[in-house]
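# from the sequence below, what's the structure:
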Amino acid sequence: MMTEPVDEFQARVAKHAALADPARLRMVDLLTLGDLSPSELQAELGMPSNLVSHHLRTLEGAGLATRHRSEADRRRSYIRLAAGVLDGLAPGREHGARRVLFVCTRNSARSQLAAALWSQVSEIPSLSAGTHPADRIAQGAVDVARRHGLDLADRSPRLLDDAVRSDAFIVTVCDNAHEEIPILGGIHWSVPDPLRLNTEDAFEGAFADIARRVGDLAPRLHAA
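Numbering: from 1, shown residues only. Now for the predicted structure:
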């Protein structure tokens with residue numbers, strides 16, 4: 001007896017077929033943590049670029065992954081998992097962390113929101129910093145945080161330096177920061193900059209994106 005529409009069933013078949021390949025399953029495991037460019041996936045897997053491209057086309061065709069251009073370098077793209085496609089299938093805890101450090105360029109919106117959201121779902125301490133910090137947090141970030149029950153009013157942007165980075169699991173939430181600084185043992189979330197549009201909808205979109213990613217990452221980390 002068929003319990004779901006044929007098109008939904010076929011979509012599930014395509015996803016399971018895509019995941020049956022060891023290389024694609026490893027790609028998906030990596031993407032459950034954060035976004036990666038094709039060249040970064042190539043380096044992680046030690047695989048020729050044409051084979052990486054083939055596997056990515058299969059993942060995208062199955063609706064498992066999407067691709068978008070970097071805001072920093074438009075020649076570069078990032079791959080991310082489609083929201084919710086792996087519910088119940090993602091791997092368990094893999095990484096230990098003493099604290100989680102969220103990094104963007106100005107430390108005025110995305111990284112501040114990520115650190116505040118993290119503190120709600122994990123006992124692992126969190127903080128944020130910027131490669132070129134602003135004078136103050138963006139008003140749009142303060143407003144969207146307040147609408148969702150968070151208070152950023154007393155937070156100030158801080159400079160990313162070696163002391164801040166020490167012993168931290170780093171999450172870059174900005175393409176510019178990710179492409180500017182090397183990250184060892186960290187991950188990247190390619191979250192669009194809400195200040196480019198500076199509208200309520202843009203900040204709500206960034207908040208929702210970060211909230212989902214925080215919720216996905218928290219169960220994957222354990223206190224070191």
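# so residue 55, which of the three states?
Look at residue 55: counting by DSSP: H, G, I helix; E, B strand; the rest coil, its state is helix.
# now it, nearest residue through space, not along the chain?
residue 24 (5.0 Å; CB to CB, 6 or more residues apart in numbering). All C-beta spots, glycine's among them, are computed from the backbone N, C-alpha and C.
# same check, this time on residue 118
Per CB to CB, 6+ apart, closest to residue 118 is residue 126, 4.1 Å.
# burial of that neighbour, as a residue count?
23 (other CB atoms under 10 Å).
# check it and give its pLDDT.
Note on residue 126: pLDDT of 96.
# and the one 10 residues further on, by the same measure?
Per-residue pLDDT puts residue 136 at 96.
# just the element for it, please.
Using DSSP states H and E, residue 136 falls within no helix or strand.
# surely it touches residue 154?
No. Here residue 136 does not reach residue 154: they are 11.5 Å apart, not a contact under CB atoms under 8 Å.
# these two - which one has more neighbours?
More crowded of residue 136 and residue 154, by other CB under 10 Å: residue 136, with 12 against 6.
# who's in contact with the more buried one?
With contact set as CB atoms under 8 Å, 6 or more residues apart in numbering, residue 136 has these partners: 108, 156, 157.
# tell me where the protein has helices.
Taking DSSP state H to define them, one finds helices in the chain at 6-19, 22-31, 38-45, 49-61, 110-121, 139-147, 162-165, 175-180, 200-217.
# run through the neighbouring helices and strands of the longest one.
Counting contacts by 3 or more CB pairs under 8 Å, 6 or more residues apart in numbering; DSSP states H and E, helix 200-217 is packed against helix 110-121, helix 139-147.
# again, 10 Å this time
Packed against helix 200-217 by the contact rule (3 or more CB pairs under 10 Å, 6 or more residues apart in numbering; DSSP states H and E) you find strand 77-81, strand 99-104, helix 110-121, helix 139-147, strand 168-172.
# can you list the ones you listed in JSON lines and add distance to residue 207, mean neighbour count and mean pLDDT?
JSON lines is the format used below for these (distance: least, CB to CB, whole Å; neighbours: other CB atoms under 10 Å; pLDDT from 0 to 100):
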{"stretch": "strand 77-81", "distance to residue 207": "17", "mean neighbour count": "20", "mean pLDDT": "97"}
{"stretch": "strand 99-104", "distance to residue 207": "13", "mean neighbour count": "26", "mean pLDDT": "96"}
{"stretch": "helix 110-121", "distance to residue 207": "6", "mean neighbour count": "24", "mean pLDDT": "98"}
{"stretch": "helix 139-147", "distance to residue 207": "5", "mean neighbour count": "18", "mean pLDDT": "98"}
{"stretch": "strand 168-172", "distance to residue 207": "16", "mean neighbour count": "24", "mean pLDDT": "95"}
